[in-house]
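S.K.: sharing a model prediction with you, sequence too.
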Amino acid sequence: MASHLAAGHSVHRPRWADTENQAGEGLAVEVKAKTAITGTITQLTLVRADGRELPEWTPGAHIDLVLGPDLVRQYSLCGKPGDLRSWQVSVLYQPDGRGGSARVHHELREGECIAIRGPRNNFPLVEAPRYLFIAGGIGITPLLPMIESVDRAGAEWSLVYGGRSRHNMAFADDLKQTHHDGVTLVPEDTHGRLDLARILGGVTPGTEVYVCGPEGLLCAVEAIAAERDLVDRIHLERFTPKTPADVPALDNFEVEFVRSGITVSVGPDESILGAARAAGIPAPFSCSEGTCGTCETNIVSGLVDHRDSVLSPAEQRENSTLMICISRAACPQLRLDL
């Protein structure tokens with residue numbers, strides 16, 4: 001579900017390594033409340049079915065909702081990180097989606113129990129004296145706990161929040177009433193689109209920029225950041241996979257799973273993940289499209305054609321881990337720590 005561009009982030013250890021409920025059935029939670037935030041956005045409040053505290057999490061984290069057989073979707077946690085009694089996720093209804101939002105909006109009921117996996121964080125909040133947050137539509141959700149955290153810490157920050165119309169911009173009124181001039185709302189129907197060149201042109205030294213929203217917004221931010229030498233200070237989260245510009249990978253290659261002692265051949269129409277599971281290796285996975293980070297695996301040796309939307313360009317060049325659900329080999333044999 002996510003991707004970020006951040007300097008100094010280590011990828012030698014998969015992001016799911018310490019999470020106790022990544023695989024298997026997950027953690028049972030009850031839908032304590034289901035609230036309409038706008039006409040197209042519904043918020044779920046989740047509590048543990050056994051009444052115990054939920055796992056700790058940090059701003060930027062997301063969870064998997066196991067909504068049915070073969071129906072697992074990732075949503076950002078948008079409540080208060082210090083509240084371990086309940087979690088909140090907000091879900092945008094997508095009529096042309098793959099069924100997850102329809103299940104949440106039309107079928108899921110208060111009192112129903114579902115399983116969750118996580119949390120995991122591919123979009124971590126780094127320490128800085130100043131922050132600029134840029135949100136587009138439902139992309140506001142992972143930024144909410146970040147804003148609360150940096151505001152509580154006394155750091156300087158500002159938010160520019162765009163959406164198609166004011167009444168469809170979730171949490172806009174609360175943000176404006178609470179933070180006043182720190183929040184700039186840009187409804188497209190009355191104010192036009194976000195002027196990203198102007199917004200990013202005002203970024204001062206020491207400012208970290210966090211961006212979440214539709215793919216067009218993220219690509220535009222990446223392009224401007226590259227022109228202005230801001231790439232190392234831009235942090236992005238994607239909800240959909242980024243389309244690779246080039247595909248240099250081999251059609252056929254071998255993968256040796258070092259810990260399992262198994263070597264498999266991977267053909268042009270299968271993934272490393274699929275080959276691993278067919279060989280009986282219980283590799284964790286969730287989204288199967290390179291956005292959530294669940295299947296991140298350490299590379300022992302070999303070169304990779306990285307196709308994910310989780311690792312930054314610098315992390316991909318480092319070639320220390322890969323997402324086995326979507327990335328492929330750029331050499332005849334890969335050796336992986338699995």
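M.R.: Received, thanks.
S.K.: C-alpha only now, for contacts and for neighbours.
M.R.: OK.
S.K.: from the chain's centroid, how far away is the worst-scoring helix or strand of the chain on mean pLDDT?
M.R.: Ranked by mean pLDDT, DSSP states H and E, the weakest helix or strand in the chain is helix 313-318, scoring a mean of 84. Remark: helix 313-318 is offset 18 Å from the chain centroid, using CA atoms, centre = their mean, to the nearest Å.
S.K.: helices and strands around that helix, which ones?
M.R.: When contacts are defined as 3 or more CA pairs under 8 Å, 6 or more residues apart in numbering; DSSP states H and E, helix 313-318 packs onto no helix or strand at all.
S.K.: if we use 10 Å, what do you get?
M.R.: When contacts are defined as 3 or more CA pairs under 10 Å, 6 or more residues apart in numbering; DSSP states H and E, helix 313-318 sits against strand 304-305, strand 321-323.
S.K.: what comes into contact with the helix or strand following the longest one?
M.R.: Towards the C-terminus, the helix or strand next in line after strand 321-323, according to DSSP states H and E, is strand 328-329. Contacts of strand 328-329 from elsewhere in the structure, counted by CA atoms under 10 Å, 6 or more residues apart in numbering, are 247-255, 266, 268, 270-272, 302-307, 322, 334.
S.K.: after strand 328-329, which helix or strand is next?
M.R.: The helix or strand immediately downstream of strand 328-329 is strand 333-336, counting by DSSP H and E.
S.K.: I figured Pro124 hits Glu208, correct?
M.R.: No - at 11.6 Å, Pro124 does not count as touching Glu208 under the criterion of CA atoms under 10 Å.
S.K.: related to what we said a few turns ago, in helices, which of the contacts of strand 328-329 appear?
M.R.: Within these, residues falling in helices by DSSP state H are Ile272.
S.K.: which members of the contacts of strand 328-329 are classed as buried?
M.R.: For the contacts of strand 328-329, a burial check counting by 16 or more other CA atoms under 10 Å picks out 249-250, 252-255, 266, 271-272, 302-307, 322, 334.
S.K.: give me the phi and psi angles of the closest residue to Gly274 other than its chain neighbours.
M.R.: Distances taken as CA to CA, 6 or more residues apart in numbering put Cys325 closest to Gly274, at 7.4 Å, once the chain neighbours are dropped. Phi and psi for Cys325, reported as degrees, to the nearest 10, are phi -80, psi -20.
S.K.: could you report the neighbour count for Cys325?
M.R.: Residues near Cys325, counting by other CA atoms under 10 Å, number 28.
S.K.: residue boundaries of the helices in this structure?
M.R.: 100-102, 143-153, 172-179, 188-191, 196-201, 215-227, 272-278, 313-318.
S.K.: check the average confidence over the third one, would you?
M.R.: Translated: helix 172-179. In this model, helix 172-179 carries a mean pLDDT of 96.
S.K.: then the fourth one?
M.R.: Computed over helix 188-191, the mean pLDDT rounds to 94.
S.K.: can you list contacts of that helix?
M.R.: With CA under 10 Å, 6+ apart as the contact definition, helix 188-191 has outside contacts at 162-166, 185, 194.
S.K.: fine by me, thanks again.
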